[in-house]
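1. got a predicted model here, sequence first, then my questions.
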Amino acid sequence: MPLPTKKRTREQFGRVAAKYRCSADHTDLEDLDLLFSGLSPEAGHRVLDVATGGGHTALALAGRGVRVVASDLTPRMLREARTLAAETGAENIEFAVADAEALPFSDAAFDRVTCRIAPHHFPDIRAAVKEITRVTRPGGRIGIIDSVVPGDPALDAFMNGIEKVRDPSHVRSYRNEEWLEFITDAGLVPLQIASLWKTHAFPEWVARTGQPKAVQREIEQMFLSAFPLARQTFRILTEEGRVVSYSDEKIILVAKAPDASPAR
């Protein structure tokens, strides 16, 4: 199956941007508590939030006194992030349209860089991680949160298959081991690798991407017909023939950019 184009991704999220600003999954900030413990953002830091979506991570960072640049591929997403910032009175956030695989920022421009619940949309994940590394100052920290899949190939195929039907811009949710490879290949030093299982209320989750009712029902049927290990692993809860909720795993990763080479 060909990878989604960035134009298609921009159109997809442009249509449903407001849903992501109000999304229950994105407004639940439990995972950020774990991320920030390893990221250690400090007042005065300059921080980039890549693929900010509705702006929830950027806003949480702004509340810690850092200067935030919230970037996203989709202009309408940035409009929603601006709305969220205005609602809370946050003033220390700038906004920039940016492709995660070709960030329009100079080398070592940021003390910290974050990216939350977005890398599974990037067509070239390695390029994105290298770009994130490039714009982080030597010794700075990078924090990533994203959905991951188990090592079992059948469970991997089950969840990624569902995600591709639900969201045409989905590329792939990776395994923890793949993430470790991505960051080490980029020269990063892992500092923290944690995980958190998150429960999703099915009706809101399946409707968020704006798919037609027939597609939403197809997705529900995929869950209802799940093989026993998938039903157990993803904690699929049903009631009277309908899916109530399911759970997936999020990786919470903090890594350090390489220190500057000693002067010669």
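-> Received it, and whenever you're ready, just let me know what you need.

2. so which elements touch whichever strand or helix holds Thr83?
-> In the assignment (DSSP states H and E), Thr83 maps to helix 75-88. Judged by 3 or more C-beta pairs under 8 Å, 6 or more residues apart in numbering; DSSP states H and E, the packing partners of helix 75-88 are helix 6-21, helix 56-62, strand 67-72, strand 93-97. Where you see a C-beta, it was placed from the backbone N, CA and C, and this is true even at glycine.

3. check these for me: which has the lowest mean pLDDT.
-> Mean pLDDT is lowest for helix 6-21 among the helices and strands packed on helix 75-88, at a mean of 62.

4. tilt between the helix holding Thr83 and strand 93-97?
-> 170 degrees (axes from the mean of the first three to the mean of the last three C-alpha atoms, to 10 degrees).

5. just the pLDDT for the closest residue in space to Ile145 that isn't next to it in sequence.
-> Excluding the flanking residues, the one nearest Ile145 by C-beta to C-beta, 6 or more residues apart in numbering is Arg116, at 4.4 Å. Note on Arg116: pLDDT of 95.

6. run a quick neighbour tally on Ala62.
-> Neighbour count for Ala62, taken as other C-beta atoms under 10 Å: 22.

7. any idea how far it lies from Arg46?
-> 12 Å (C-beta to C-beta, to the nearest Å).

8. now do the strands in the stretch 51-200 of the chain.
-> Ranges of strands in the stretch 51-200 of the chain, per DSSP state E, counting those that start in this stretch, are 67-72, 93-97, 110-116, 136-148, 189-201.

9. need the ones you listed in TSV with mean neighbour count and distance to Leu84, can you?
-> Shown next, in TSV, are the strands of the stretch 51-200 of the chain (neighbours: other C-beta atoms under 10 Å; distance: least, C-beta to C-beta, whole Å):
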stretch	mean neighbour count	distance to Leu84
strand 67-72	25	10
strand 93-97	17	9
strand 110-116	26	14
strand 136-148	22	18
strand 189-201	15	20
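
10. Leu35: which of these is closest?
-> Nearest to Leu35 among the strands of the stretch 51-200 of the chain is strand 136-148 (4.7 Å), distances taken as C-beta to C-beta.

11. which residues sit in contact with the closest residue to Thr136 other than its chain neighbours?
-> Excluding the flanking residues, the one nearest Thr136 by C-beta to C-beta, 6+ apart is Ala257, at 4.3 Å. With contacts defined as C-beta atoms under 8 Å, 6 or more residues apart in numbering, Ala257 is in contact with Thr133, Thr136, Arg137, Pro138, Gly139, Gly140, Arg141, Ile142, Gly187, Leu188.

12. and the gap between Ala257 and Thr88?
-> Counting by C-beta to C-beta - Ala257 and Thr88 are separated by 30 Å.

13. so where is the stretch 1-150 of the chain shaky, pLDDT-wise?
-> 1-4, 7-29 (pLDDT under 70).

14. which strands border the longest strand seen in the chain, and is each parallel or antiparallel?
-> Counting residues, the longest strand found in the chain (DSSP state E) is strand 242-256. If you go by DSSP bridges, strand 242-256 pairs up with strand 136-148 (antiparallel), strand 189-201 (antiparallel), strand 237-239 (antiparallel).
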